[in-house]
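Colleague: Mind folding the following:
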Amino acid sequence: MNPENKTSFFRSDNKSRHQVRVYNINELKLMLGQTMCSHLLFIHAFTGCDTTSRIFGVGKKSLFQKIVKGDKDLVSCAVRFESVGETSDTIEQCGNKAMALLFGGKATEGLAKLRHRVLRKKVASATSFVTPERLPPTASATKFHSLRCYYQIRAWCGEEKDLHATDWGWKLENNLFKPVMCDKSPAPDCLLKVIRCNCQTACTRRRCTCRGYGLPCTAACGPCQVDFCENPFNQTLGPDIESDDDVVALG
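Modeller: Residues are numbered from 1 along each chain as shown. Next up is the predicted model:
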């Protein structure tokens with residue numbers, strides 16, 4: 001920070017040809033313009049920051065470029081996320097729309113329909129198993145992701161005092177805030193009963209069938225139920241459902 005003209009600088013951790021890059025924030029602001037600068041909070045929160053989930057396979061550059069090129073539907077979603085006093089229903093709708101657009105869908109296309117279309121396309125050209133994280137996230141996962149994004153943007157702007165975190169994608173457990181990942185099962189019960197593993201190594205590797213699908217191990221599984229099971233998705237089980245929903249990479 002230069003005390004004379006209050007110019008801010010940002011030093012990147014990424015090195016190009018062993019050189020450290022330093023950016024003049026004031027010049028970047030002038031180059032982007034006020035409107036684009038106002039969208040940066042949405043871009044950063046929606047694609048993943050310290051308190052929101054990262055979207056598998058979708059980076060900040062992708063969303064940034066779409067908004068820079070003037071995608072009207074995405075810009076309208078960004079404006080909603082940046083506005084004070086929006087309802088959770090509005091944010092859910094805008095979040096689902098933005099997520100569909102990021103995965104090549106249409107603004108009017110539901111995530112369930114888009115997931116099915118993307119799956120069919122990938123299966124038709126795949127040479128190996130299509131993993132669940134390569135599909136667009138479910139509407140349920142996107143809903144809570146979007147709520148957390150809106151709350152985070154309001155917090156960055158110092159406007160979260162009238163909002164309750166538990167109304168915006170968070171739950172309180174043992175005096176700690178934890179993200180609500182979903183409110184639906186990842187698959188029909190009849191399918192969940194079919195998926196099980198037979199791991200000999202405490203489910204510590206991604207080759208574990210349950211872990212690969214983002215599911216907890218159950219009594220139907222093999223040796224892991226006798227010995228200690230380290231499947232991380234076991235910790236997401238609630239008292240009323242058998243499994244948690246898939247994450248938006250949700251990472």
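
Colleague: Run through the stretch 151-251 of the chain and note the low-pLDDT ranges.
Modeller: 186-187, 190-194, 225-227, 235-251 (pLDDT under 70).

Colleague: what about the strands in it?
Modeller: Remark: strands assigned in the stretch 151-251 of the chain by DSSP state E, counting those that start in this stretch are 170-173, 176-179.

Colleague: can you tell which of those strands is closest to K122?
Modeller: Closest to K122 of the strands of the stretch 151-251 of the chain is strand 176-179 (C-beta to C-beta; 27.4 Å). For the C-beta atoms, the positions are set from N, CA and C on the backbone; glycine is no exception.

Colleague: Please render the strands of the stretch 151-251 of the chain as a markdown table that adds mean neighbour count and distance to C197 to the earlier fields.
Modeller: Formatted as a markdown table, the strands of the stretch 151-251 of the chain follow (neighbours: other C-beta atoms under 10 Å; distance: least, C-beta to C-beta, whole Å):
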| stretch | mean neighbour count | distance to C197 |
| --- | --- | --- |
| strand 170-173 | 13 | 27 |
| strand 176-179 | 12 | 25 |
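
Colleague: nearest to E230, of the ones you listed?
Modeller: Nearest of the strands of the stretch 151-251 of the chain (C-beta to C-beta): strand 176-179, 19.5 Å.

Colleague: The closest one: partners in the sheet, and parallel or antiparallel?
Modeller: strand 170-173 (antiparallel) (DSSP bridges).

Colleague: Give me the contact list for the partner strand.
Modeller: R148, Y151, T166, F177, K178, P179, V180 (C-beta atoms under 8 Å, 6 or more residues apart in numbering).

Colleague: let's see 10 Å
Modeller: Strand 170-173 is contacted from outside by 51, 144, 147-148, 151, 164-166, 176-181, 238, using C-beta atoms under 10 Å, 6 or more residues apart in numbering.
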